[in-house]
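Novice: Below are the sequence and a predicted model; questions follow.
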Amino acid sequence: MNAERWHQIENVLQEALDLPPNDRALYLKSACDGDEELFTETVSLIAAHDEAGDFIEMPAISQDAHVLAADLPDINIGKEMGAYRIVERVGSGGMGEVYLAHDSRLSRAVALKILPTYLILDESRLRRFQREARAVSALNHPNILTIHEVGEADGIHFIATEFIDGRTIRELISNDELSFAEILDVCLQVGAGLVAAHSAGIIHRDIKPENIMRRTDGLVKVLDFGIAKPLDQQDDGLEGNHRLTNTETGVVIGTVGYMSPEQARGLPVDERTDVWSLGVVLYEMVAKREPFARSTRMDTLVSILEHEPKPLSEFVVESDGPLRRLQTILDQSLSKEIDRRYQTVAEMLNELRSLEQDLAMSGRLDDKPSSLLTEGATTSGATAMPSRRGSLLAIAAVLVLVLTLFGIFLFKRPSNSTLSTTKTLKPYQAMNDAERLSFIAEQEQRISAMMGDRPVKLNDDALAAIKVHIDRYLARKERPGSEDLQVVYNRALPQVAVIARSFATRKVPAMIGIYLPMIESAYHPCSESQFGARGLFQFLPETAKQYGVRADEMCDVDKMAPAAADYIADRMAELGEDSQSMTLVLLSYNRGSTWVRNSLIQLRTEENFERNFWTLFTHRHKLDETFRNENAAYVPQFFAAAIIGENPTAFGLENPPLSSLAR
């Protein structure tokens with residue numbers, strides 16, 4: 001674009017900016033007089049001006065622009081930009097036009113964001129934007145939109161990202177489709193993505209329902225790091241334990257209604273600003289209204305800075321224990337005093353996971369908040385009569401208590417009575433090798449079916465590998481310094497219920513959570529390895545932090561079980577959730593999901609290839625030495641631990657099958 005053309009755009013821009021927003025559309029239609037390029041560039045610059053100077057929010061002019069441009073053809077449709085061919089336009093904003101495009105190299109759909117002229121003309125700003133976009137692209141977290149490329153073709157700068165097949169949280173709120181379980185799941189997944197970003201030194205600064213999408217398979221993605229900012233890495237930018245990032249003085253960055261008080265004032269911000277915004281989204285998902293929204297943007301700003309949002313009790317019919325707990329979480333998330341807010345997203349996630357358990361215990365997890373909302377309802381000066389639902393819950397609670405006491409009575413009876421319902425099995429030690437392999441084959445199929453659909457029948461080599469580990473477990477008595485197997489499984493008994501609840505909440509098979517600690521820590525809640533991994537599930541400290549557990553909490557089963565469930569759920573999102581995929585999930589816990597995927601690709605052309613661990617095991621001679629010597633034993637060892645734990649009588653143990661304690 002030459003200087004004369006740019007001068008023409010600048011003149012039209014200045015004239016438009018001098019007009020009230022409602023008058024700009026008519027002016028542009030007249031001033032541009034069919035000049036599509038002039039119109040497009042000017043609208044883009046006006047949107048950028050409104051966003052950078054006031055708030056990054058869809059300005060009125062952009063709405064008018066869509067009306068004015070409706071009859072204009074999109075010149076980008078069908079255009080090729082490097083490896084990408086543009087298919088259709090899917091959206092726009094101050095940070096550019098967004099298109100659905102086809103990636104010819106990998107034959108996949110991508111979202112292509114074309115950067116606006118105002119950004120490209122300012123070289124220093126473009127370089128900074130590209131640098132920050134590349135920083136975001138390195139995050140590599142399942143809950144963060146993947147950036148494939150930050151590129152340029154024929155002078156046009158673009159960002160290529162994964163294309164999400166799903167709906168925004170804004171759409172789900174509008175259609176009243178979210179239950180408490182889904183609301184908390186959204187927050188936990190968004191929070192996991194934010195924890196990863198913060199750990200990498202990046203804050204989002206624009207968390208809102210439009211920037212969160214849920215895929216059709218339930219995976220939640222945080223979108224649009226367009227105004228994300230790397231935290232200042234300089235030592236002089238530290239305030240307490242929080243690294244601050246500055247914008248230009250007086251510039252307010254964020255979306256009004258979701259920005260934190262420090263954002264609204266144009267002050268330096270840190271990860272606590274994302275805590276605030278996530279709290280606003282949580283409030284809106286529950287209450288179906290924004291906590292600070294007013295009739296004008298300025299009034300909304302004043303509300304953010306000076307007013308408290310209405311408590312849930314003002315429009316919730318029943319405000320029981322879990323809902324009061326939710327209010328407490330919202331109060332701390334939306335504290336105007338930054339030091340009283342949750343200091344990290346991880347802290348907030350811990351509270352949300354605990355709330356999730358409370359709602360599950362109260363039977364409300366699958367309720368929709370809208371079923372409890374009533375316009376204008378208030379609790380001031382009135383005592384609500386118990387609802388029919390509340391009475392039924394009370395009766396149910398009594399029945400649960402009676403059944404629990406009855407269960408305790410049964411459990412404390414002699415062990416032969418406890419196991420009377422368990423299938424009578426010939427003792428494993430009394431079986432010959434052929435019988436043992438047949439027993440292992442049968443039990444492996446049973447356990448695989450408890451882990452997911454499509455269990456695969458194992459060959460003799462795989463069954464023999466499981467048998468090796470069963471025999472090693474049984475030989476513990478004879479090894480000096482080794483604990484008796486009964487002692488180890490007894491240590492699991494008080495932990496199974498906590499583990500099972502945490503894994504069920506994240507829709508992860510309980511069998512994984514029950515037997516993973518056997519091979520990781522032998523059910524020692526505070527075991528520590530030579531590599532610094534700690535706790536029941538042997539997390540490294542940095543991994544624990546990423547999943548919301550502080551170093552001093554790694555021995556707490558109530559903290560570690562939900563973190564392990566979240567970790568496994570993330571691997572399931574990458575690798576799948578049928579029983580065959582679950583063997584890969586198990587292996588990725590030990591070796592990492594990237595290695596697992598690359599190894600599957602390496603063996604893809606092998607005869608009888610199936611996408612599971614046992615394919616890797618069969619072709620282990622073609623994989624690296626670490627797998628052959630270490631990782632190849634991990635999944636067989638897991639099945640050995642589960643077969644023993646689910647068949648205690650066959651192995652001379654007095655505890656019940658561990659999965660029976662999860663019911």
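Specialist: Arrived safely, thanks for sending.
Novice: Tell me which stretches of the stretch 201-350 of the chain form helices.
Specialist: For the stretch 201-350 of the chain, the helices defined by DSSP state H, counting those that start in this stretch occupy 261-264, 272-287, 297-306, 321-333, 345-362.
Novice: continuing past the helix or strand of the chain with the lowest mean pLDDT, what's the next helix or strand?
Specialist: Sorted by mean pLDDT, DSSP states H and E, the helices and strands of the chain end with helix 415-418, the least confident at a mean of 33. Later in the chain than helix 415-418, the nearest helix or strand by DSSP states H and E is helix 433-451.
Novice: Output the contacting helices and strands for that following helix.
Specialist: When contacts are defined as 3 or more C-beta pairs under 8 Å, 6 or more residues apart in numbering; DSSP states H and E, helix 433-451 packs onto helix 460-474, helix 510-521, helix 579-591, helix 634-646. For every residue, glycine as well, the C-beta is placed using N, CA and C.
Novice: State the mean pLDDT of that helix.
Specialist: The average pLDDT within helix 433-451 is 92.
Novice: which element is the residue nearest in space to the middle of the chain on?
Specialist: Of all residues in the chain, the one closest to the mean position by C-alpha atoms, centre = their mean is residue 189, 2.1 Å from it. Assigned by DSSP H and E, residue 189 belongs to helix 180-199.
Novice: Could you check the angle that helix makes with helix 345-362?
Specialist: 160 degrees (axes from the mean of the first three to the mean of the last three C-alpha atoms, to 10 degrees).
Novice: need the contact list for the residue nearest to residue 579 when sequence neighbours are not counted.
Specialist: Nearest non-adjacent residue to residue 579, counting by C-beta to C-beta, 6 or more residues apart in numbering: residue 452, 3.9 Å away. Residue 452 makes contacts with 509, 577-582, as judged by C-beta atoms under 8 Å, 6 or more residues apart in numbering.
Novice: 6 Å - rerun?
Specialist: Counting by C-beta atoms under 6 Å, 6 or more residues apart in numbering, residue 452 touches 577-579, 582.
Novice: cool, and residue 591?
Specialist: By C-beta under 6 Å, 6+ apart, the residues touching residue 591 are residue 631.
Novice: now it: how far from residue 626?
Specialist: Distance, residue 591 to residue 626, by C-beta to C-beta, to the nearest Å: 8 Å.
Novice: Could you do residue 205 as well?
Specialist: Using C-beta to C-beta, residue 205 is found at 41 Å from residue 626.
Novice: out of the two, which sits in the busier spot?
Specialist: Taking neighbours as other C-beta atoms under 10 Å, residue 205 and residue 626 compare with residue 205 leading, 24 against 11.
Novice: Find me the pLDDT at the more buried one, would you?
Specialist: At residue 205, pLDDT is 86.
Novice: In this model residue 41 seems to touch residue 9, though I could be wrong.
Specialist: Yes. Taking C-beta atoms under 6 Å as the definition, residue 9 is a contact partner of residue 41 at 5.1 Å.
Novice: who touches both of the two?
Specialist: Counting by C-beta under 6 Å, 6+ apart, residue 9 and residue 41 have no shared contacts at all.
Novice: Tell me where the stretch 501-650 of the chain has strands.
Specialist: With strands called from DSSP state E, counting those that start in this stretch, the stretch 501-650 of the chain shows none.
Novice: And the contacts of residue 452, which two are furthest apart?
Specialist: Largest separation among the contacts of residue 452 by C-beta to C-beta: 577 and 579, giving 8.8 Å.
Novice: now the angle from the helix holding residue 189 to helix 321-333?
Specialist: Using the same axes, to 10 degrees: helix 180-199 against helix 321-333 is 30 degrees.
Novice: Quick check: mean pLDDT of helix 180-199?
Specialist: The pLDDT scores in helix 180-199 average 91.
Novice: And the contacts of that helix?
Specialist: Contacts to helix 180-199, defined as C-beta under 6 Å, 6+ apart, come from residues 139, 141, 143-144, 212, 220, 222, 271, 274, 282, 285, 345-346, 349, 352, 356, 359, 364-367, 546.
Novice: at 7 Å what do you get?
Specialist: 139, 141, 143-144, 169, 203-204, 212, 214, 220, 222, 271, 274, 278, 282, 285-286, 345-346, 348-349, 352-353, 355-356, 359, 364-367, 369, 545-548, 566 (C-beta atoms under 7 Å, 6 or more residues apart in numbering).
Novice: List only buried entries from the residues you listed.
Specialist: Among the contacts of helix 180-199, those buried by neighbour count (16 or more other C-beta atoms under 10 Å) are 139, 141, 143-144, 169, 203-204, 212, 214, 220, 222, 271, 274, 278, 282, 285-286, 345-346, 348-349, 352-353, 355-356, 359, 364-365, 369, 545-548, 566.
Novice: quick one on the thing from earlier: quick one: which of the contacts of residue 452 is most hemmed in?
Specialist: Counting by other C-beta under 10 Å, top hit in these: residue 582 with 30 neighbours.
Novice: Point out where the stretch 101-250 of the chain drops to low pLDDT.
Specialist: Residue ranges of the stretch 101-250 of the chain with pLDDT under 70: 116-122, 124-125, 128-129, 131-132, 135, 225-250.
Novice: so where do the strands sit in it?
Specialist: Using DSSP E, counting those that start in this stretch, strands in the stretch 101-250 of the chain cover 108-114, 147-153, 156-162, 166-168, 202-203, 212-215, 220-222, 229-230, 238-239, 242-243.
Novice: Mind putting those strands into TSV with distance to residue 340?
Specialist: Listed next are those as TSV, based on distance: least, C-beta to C-beta, whole Å:
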stretch	distance to residue 340
strand 108-114	37
strand 147-153	35
strand 156-162	36
strand 166-168	31
strand 202-203	19
strand 212-215	26
strand 220-222	25
strand 229-230	23
strand 238-239	15
strand 242-243	14
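Novice: Show me the one of those that comes nearest residue 130.
Specialist: Taking C-beta to C-beta, strand 147-153 is the member of the strands of the stretch 101-250 of the chain nearest to residue 130, at 5.4 Å.
Novice: got the angle between that closest one and strand 108-114?
Specialist: Orientation of strand 147-153 against strand 108-114 (the same axes, to 10 degrees) gives an angle of 60 degrees.
Novice: Residues contacting strand 147-153, please?
Specialist: Applying C-beta under 7 Å, 6+ apart, the contact partners of strand 147-153 are 81-82, 110, 130, 133-134, 136-137, 158-162.
Novice: Just send those back as TSV, with distance to residue 88 too.
Specialist: Shown next, in TSV, are those (distance: C-beta to C-beta, whole Å):
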residue	distance to residue 88
81	14
82	18
110	13
130	26
133	23
134	27
136	25
137	24
158	15
159	17
160	15
161	16
162	17
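Novice: quick one: which of those residues has the most company?
Specialist: residue 159 (26 neighbours).
Novice: which parts of stretch 292-300 are buried?
Specialist: 292-294, 300.
Novice: Please disregard the earlier target; I meant stretch 506-518.
Specialist: Buried-residue list, stretch 506-518, by 16+ other C-beta under 10 Å: 506, 508-518.
Novice: same thing with stretch 609-623?
Specialist: By 16+ other C-beta under 10 Å, the buried positions in stretch 609-623 come out as 611-618, 620, 623.
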